[in-house]
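> Build the 3D model from these lines:
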Amino acid sequence: MTSPTTSFRPQPGRRSSISSRISFAVSHAESGEAIGATVPAQAQIADELAEIKRYEDFTTIDWVQDAAREQARRKTKQRRAAGLYAQGQTTWRYRLSRSYDAAQGWIVVTIIGAAIGLNAAFLNIITEWLADIKLGYCTTAFYLNENFCCWGEDNGCDQWHRWTGFGPFNYFIYLAFGTMFAFVSAALVRSFAPYAAGSGISEIKCIIAGFVMKGFLGFWTLVIKSICLPLAIASGLSVGKEGPSVHYAVCTGNVISRLFRKYRNNASKTREILSACAAAGVAVAFGSPIGGVLFSLEEMSSYFPLKTLWRSYFCALVATAVLSAMNPFRTGQLVMFQVKYDRDWHFFEIFFYIIIGIFGGLYGAFVIKWNLRAQAFRKKYLGNYAILEATLLAAGTAIIAYPNVFLRIDMTESMEILFLECEGGEDYQGLCDADKRLWNIMSLVLATVLRIFLVIISYGCKVPAGIFVPSMAIGASFGRTVGIIVQAIYEANPTSVFFAACKPDEPCITPGTYAFLGAAAALSGIMHITVSVVVIMFELTGALTYILPTMIVVGVTKAVSELFGKGGIADRMIWFNGFPFLDNKEDHNFGVPVSQVMRSSVVSLPASGLTLSEVEQLLIDDNYQGFPIITDTNTKNLVGYIGRTELRYAIDRMRRERPLSPSARCTFTPPPPVNSPTSLPATVTANTEPISSTHLDFGRYVDATPVTAHPRLPLETVMELFRKIGPRVILIEYRGKLTGLVTVKDCLKYQFKVEAEENPRDDQHIIEGQEQLWGVIRRASTWISDRIWSVSGGRIRLSGQFDEERTRNRGGAILDGDEDIGDEGLEMERRRS
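Residues are numbered from 1 along each chain as shown. Coordinates of the predicted model:
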C-alpha cells in the first residue's frame, strides 16, 4: 500500500516516513545557524510564540510540530552543554541547573499529587458535614458531623439531635437545606465559572487528545468546582463526586504546572501531567491508586506511553498517601464504604451474578439513551434557567427521597450499609431482619427505580455533577435486592440440590456481596470500562476471593452494553456536544478515499508575489487556522504550511523592529535543512536578498514538512493518522501538487453523515414530545405564578414568559452533515435530540 505521507518537495514519486519528517522538522527548526541566524534568536522566537498562546480557543494542537520543537530544544541544550564541557566552563551551578531540569517532572508531579490529596480530604470532610446537617446537629460541637459527634457508638448518641421532635418539620428543614445548597452551587457556577458545571470527563478526554478549551482547567474553575461540589452532593441531587474529582484534579495539575516554564510552553509535557492528574483524581475519589492509573489508561488517554504510566502511578501514589495521612474519616480508610468479605462464594451463585451483569448493561444503555434526551431538552428549553432548574431538581429530589430510608441518606453512606454482612454487622433499619424482607425488597426496588429516574434528569444540570457514585448506588440497591431474594430462597429450600455446596448450620448467602457486585456492574455499564472497575472494586474491599465474580459480572455487563453501541456516557457526551474527538473504540469501514471528504477549495499562499497588505487583509477576511504554501497559483506545487498564529506574530515582530510598507513583498520560502542542499524550484528559492521594509521573509515560520496524504488513501487510514500522530491538518497532494486538505472535523462530519444515512431516525415524535413537555411546564409555571399573585395580593408575581427565552431551536446531538464547521470550533446550525 502507498505510504500515506510524502515529502513537502514537489517531486513526483518521492516519499518519506513520519519519523523522517519529524527529523527534518527538527533540522529545519535548527537551521538558523546555517543561514546566518543564531540559536538564541531561534530560541527567543520559539519562546515568544509560546507566550502569545500559540493555540487559540476551540482549536486542536498539532502534536507533530510540538514534538519537533521539543526535539529541537533538547538538541540545542545538548549542543550547548557539549560546547561548555569542551571549553571547561561547566560549574557546579550549571550541573545543579541540569539536575533540576531533569528532576523537574517528578518535583511537579509530587507537588500536584500532594495538592490533590489535601483538596480531596478537605472536600470529604465538608461534604459529610453538609450532608448530615440536613438531618440534625451536634450539641457539643456544631462543626462535627454525626459520625464524629457519636464517635465509637453504633446507633447514634445523645449528643446528636434531630432539628425537632416533630417529623414533618424535620422534613421541611431537610427540604430547605437541600434546596438552598443546590441554589448556592448553581448560582456560583453560573456567576463565576460556567465550566465548573457537570462532570468534566468528556471535555478532559478531548483536551488530553489536543482540543483547546481555554478556562476549562483554569484557576477559577478549580476554586468554584471545589466550593460547589460539596454543596451539590449535600443538596441530595442524584449526582456524584468522582467525575468532578477528576476535573478538579486535572485543574490542579494544569494550574501548578503553568508555574514551571518547562510545562507552560510545551503541550506534550502538559499532556503527561494531565493524564497523571486524571489518575490521581480517581485514586482519591475511590481510595484506589492502581484503579486510578488503569482508569486513566483505559478511559481518559488516547496516548499513554510508559513515561506517562510512571508519572500517573507516582501522582496517584502521592495523592492517596496524603489523603491517607489526613485521614478525613478517622477510620484509617480512604473511602467511606470500604468493607471486607471473609466468606467464600459458590459456583451456583454464578447464575445470579449473570443476572446482575445483565442489569448493569441494560441500566447503562437505558440511562445513556434517556439522559441524552434530557440533555437535549435542557439545552433547547432550559438554558436560561440553570439556577432555577437545579433548585427545583433539588427540591423535588428531597420531596421524593425523604420518605425512603435508602434515598434519604448520602449515597456513599447508603452503599456502606448495603455492602455490609448481616453476621456481626450493624443492622440498619431492619435490613437484616428476616421478618422485614418483603418491606426491604419493596423499599430497595423503589429506591432503584426512583434513583434511575433522578439520575436521568439530574446528570447534566449546571452544578458539579458526576455519575459514578449514583450508578454504584443504583447497582448496590438492585444487587442487595437480588441477594435478599436468593437468601430467602435458600432458607426456604436448604436441602435443595441447587444449594448442595452450602454447609449446614452456616450462613451460605451474603447479600452484601451482591450489592458490591451490583455496584461494579452499574459502574461498568454506564462508563463501558472493565479492567479498572475490577481493580477499583478490589481495592475498595480487599476481598481477593471476589475478583472472579467481579470479572464475571463486569464481562457480562460489557457484552450486554456492546449490543446497544460502543462508548460509555462520557463518549456519548462528546458525541452530543460535537467535540472534534476521534474515538478509537469504534471501527469504521467507509470504503471511500479521502478525496471524497477533503476540502477542495483551499485558501493557500504563493511562496512569493503577495504584498503585506494582501496578507493582512487575508487574515482579516478568513478565520482559517493556517494556510498551505504553494509555488504559484498555476502549478500549485506544495512548499509547506504556515499557521495563522505564526504569521500574525511574524508580522507584528517585524513591525516592532522597523516600519513596514504595505506594498512590501512577502516570501514564504522555508530554509533548507542543515547540511542539506535544497532542491526547490528556482521560483521558490530566488529570494536571497536581506530582509528590509520592502521585502519580508517568513521562511523561518513555515512548516516545511506538513503531513500529507494521497487523494486515494482510504479515509480510515487518514483517521488513524490523526489518532496516532495527531496533526492539526493533513494536506492532500498528488504528484507534488496541492489538491485539498482534511481536518478531524471533516472526518467527523462525514462519519456522522454516513451514520445518519445508515440509521435513519424519525425524530418528529421526539420533537413533539419535547414541545408537549415544555407546554406542560409552561402552563404549570403560569398556574403557580397566578396563585402566588393571588395569595400575595398582587405584590409578587413570577415570570411566565418562558417561550420568549428560547427562540433558537438548538437541541443537542451529533453532527448529521448539514452543519457549518469552522476551524474555531463546531457551530451546529441544526442539532437533533
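> Now do the strands in the stretch 351-500 of the chain.
Secondary structure of the stretch 351-500 of the chain by DSSP state E, counting those that start in this stretch: no strands are present.
> for the stretch 501-650 of the chain, same thing?
With DSSP E, counting those that start in this stretch, the ranges of strands along the stretch 501-650 of the chain come out as 605-606, 608-611, 626-630, 638-643.
> and the closest residue to Glu539 other than its chain neighbours, how far is that from Pro593?
Nearest non-adjacent residue to Glu539, counting by CB to CB, 6 or more residues apart in numbering: Ser288, 4.0 Å away. Heads up, the C-betas are built off the backbone N, CA and C, glycines and all. Distance, Ser288 to Pro593, using CB to CB, to the nearest Å: 46 Å.
> higher neighbour count, these two?
Higher neighbour count among Ser288 and Pro593: Ser288, with 24 against 18, using other CB atoms under 10 Å.
> I'd guessed that one sits against Ile536; true?
Yes: shown here, Ser288 and Ile536 form a contact pair, counting by CB atoms under 8 Å, at 4.5 Å.
> Run through the stretch 451-600 of the chain and note the low-pLDDT ranges.
Along the stretch 451-600 of the chain, the parts satisfying pLDDT under 70 run over 543.
> I should have written the stretch 601-750 of the chain there, sorry.
Across the stretch 601-750 of the chain, the ranges flagged by pLDDT under 70 are 673-693.
> Tell me where it has helices.
Under the criterion DSSP state H, counting those that start in this stretch, the stretch 601-750 of the chain contains helices at 612-621, 644-657, 682-685, 715-724, 744-758.
> Mind listing what's buried along the last one?
Residues of helix 744-758 classed as buried by neighbour count (16 or more other CB atoms under 10 Å): 744-756.
> possible to save those as a markdown table with distance to Glu128?
As requested, the buried residues of helix 744-758 are exported to a markdown table (distance: CB to CB, whole Å):
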| residue | distance to Glu128 |
| --- | --- |
| Val744 | 43 |
| Lys745 | 44 |
| Asp746 | 49 |
| Cys747 | 46 |
| Leu748 | 43 |
| Lys749 | 47 |
| Tyr750 | 50 |
| Gln751 | 45 |
| Phe752 | 44 |
| Lys753 | 49 |
| Val754 | 49 |
| Glu755 | 45 |
| Ala756 | 47 |
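> which residues are contacting the helix or strand harbouring Val322?
With elements delineated by DSSP states H and E, Val322 resides in helix 306-326, which encompasses its position. Applying CB atoms under 8 Å, 6 or more residues apart in numbering, the external contacts of helix 306-326 come out as 105-106, 109-110, 112-114, 116-118, 120-121, 249, 253, 271-273, 275-280, 282-284, 287, 289-290, 292-293, 296-297, 301, 332, 334.
> which of those count as buried?
Judged by neighbour count, with 16+ other CB under 10 Å as the criterion, the buried members of these are 105, 109, 112-114, 116-118, 120-121, 249, 253, 271-273, 275-280, 282-284, 287, 289-290, 292-293, 296-297, 301, 334.
> Which ones among those map onto helices?
Counted as lying in helices by DSSP state H, out of the buried ones among the contacts of helix 306-326, are 105, 109, 112-114, 116-118, 120-121, 249, 253, 271-273, 275-280, 282-284, 289-290, 292-293.
> Return the residues in contact with Pro504.
By CB under 8 Å, 6+ apart, the contact list for Pro504 reads Pro494.
> Against Phe314, how distant is Ala280?
Taking CB to CB as the criterion, Ala280 is separated from Phe314 by 9 Å.
> Need the overlap of contacts for the two.
Counting by CB under 8 Å, 6+ apart, the residues touching both Ala280 and Phe314 are Gly113.
> Give me the below-cutoff pLDDT ranges for the stretch 51-200 of the chain.
Low-confidence segments of the stretch 51-200 of the chain, defined by pLDDT under 70, span residues 51-58, 81-92, 94, 152-156.
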